[in-house]
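*Asks:* Pasting a predicted model and its sequence here:
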Amino acid sequence: KAGVTQTPRYLIKTRGQQVTLSCSPISGHRSVSWYQQTPGQGLQFLFEYFSETQRNKGNFPGRFSGRQFSNSRSEMNVSTLELGDSALYLCASSFRPGGGYNEQFFGPGTRLTVL
Amino acid sequence: QQQVKQSPQSLIVQKGGISIINCAYENTAFDYFPWYQQFPGKGPALLIAIRPDVSEKKEGRFTISFNKSAKQFSLHIMDSQPGDSATYFCAAVDITGTASKLTFGTGTRLQVTL
């Protein structure tokens, strides 16, 4: 079974630009969550999508947004990039949220560098 | 804000030794507690997880001990091997209806020496 895939793997942008990252979950998984990983803040939850609806959101500014498509693939967008947005952005998929054990499988991440 | 505190920040263990990583949480509503292992350049991979109604779970060389009253849990790696050298994250999952959220600890960088 193929794992979670994320594209692109590496990205370099300049301040003020916007960026879109993509995540394809494991086949059959319907829930996708996004995390930001930095050396200073560690792994922080961004948001979770299930059935094309955002179900949960972390404490990030509105510049961070996401969406999920009918095939469960998800994208996240960061507008007006800041230097502090440089991070590894991780996507995780699970069969379904809630209702008991909800094992999340992570992709390799997208390394975003903001210059 | 929900928090999960993890210690130590880094750990050096000799091959064959026992690696112990500790975590403490505040929110009693967490539904289960997974541990993740992350190698450089890779995403975190689920190692082992435990529900709060279980005091211990063992899978191979990895054991989670869970103390619900103290709101603490720990990962023990028995017979540590150089291939175990990685960063380990504890986490706590809050499941509410159809929403779930992972709160991670700050990570422990484990180095297993020969």
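*Replies:* Everything's here; your move. Numbering: from 1, shown residues only, chains lettered A, B, ... in the order given.

*Asks:* Up against chain A, what does chain B have?
*Replies:* B:1, B:32, B:34, B:36, B:41-46, B:49, B:51, B:89, B:93, B:95-107 (Cβ under 8 Å from any Cβ of the partner chain). Every C-beta, even on glycine, is put in place using the N, C-alpha and C of the backbone.

*Asks:* So for chain A, the centremost residue is which one?
*Replies:* When chain A is reduced to its mean C-alpha position, the nearest residue by Cα atoms, centre = their mean turns out to be A:Trp34, at 3.0 Å.

*Asks:* Test my guess that that residue contacts A:Leu90.
*Replies:* Yes - at 7.1 Å, A:Trp34 and A:Leu90 qualify as touching, with contact defined as Cβ atoms under 8 Å.

*Asks:* can you pull the pLDDT of the residue of chain A found nearest chain B?
*Replies:* Ranked by Cβ to the nearest Cβ, the top residue of chain A for proximity to chain B is A:Phe106, at 3.5 Å. At A:Phe106, the pLDDT value in this model is 94.

*Asks:* Confirm the residue nearest to the centre of chain A sits in a strand?
*Replies:* Yes - under DSSP: H, G, I helix; E, B strand; the rest coil, A:Trp34 sits within a strand.

*Asks:* In contact with it, which residues?
*Replies:* A:23, A:45-48, A:66, A:74, A:76, A:89-92 (Cβ atoms under 8 Å, 6 or more residues apart in numbering or on different chains).

*Asks:* do the same with A:Leu46
*Replies:* Counted by Cβ under 8 Å, 6+ apart, A:Leu46 has contacts A:33-36, A:57-58, A:60, A:64, A:66, A:76, A:89.

*Asks:* 10 Å instead, please
*Replies:* Taking Cβ atoms under 10 Å, 6 or more residues apart in numbering or on different chains, we find A:Leu46 in contact with A:33-36, A:56-60, A:64-66, A:76, A:78, A:89-91.

*Asks:* Using CSV, list the CA coordinates for the helix or strand encompassing A:Leu88.
*Replies:* For A:Leu88, the enclosing helix or strand under DSSP states H and E is strand A:87-94. C-alpha atoms of strand A:87-94 as CSV (Å, rounded to 0.1, in the frame of the first residue of the first chain):
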residue,chain,number,x,y,z
ALA,A,87,9.5,24.9,8.3
LEU,A,88,8.8,21.3,7.4
TYR,A,89,5.2,20.9,6.7
LEU,A,90,3.9,17.5,7.4
CYS,A,91,0.7,15.9,6.2
ALA,A,92,-0.8,12.9,8.0
SER,A,93,-3.7,10.7,6.9
SER,A,94,-6.0,8.4,8.9
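
*Asks:* what about stretch B:65-74, distance to the chain center?
*Replies:* The chain centroid and the centroid of stretch B:65-74 are separated by 12 Å under Cα atoms, centre = their mean, to the nearest Å.
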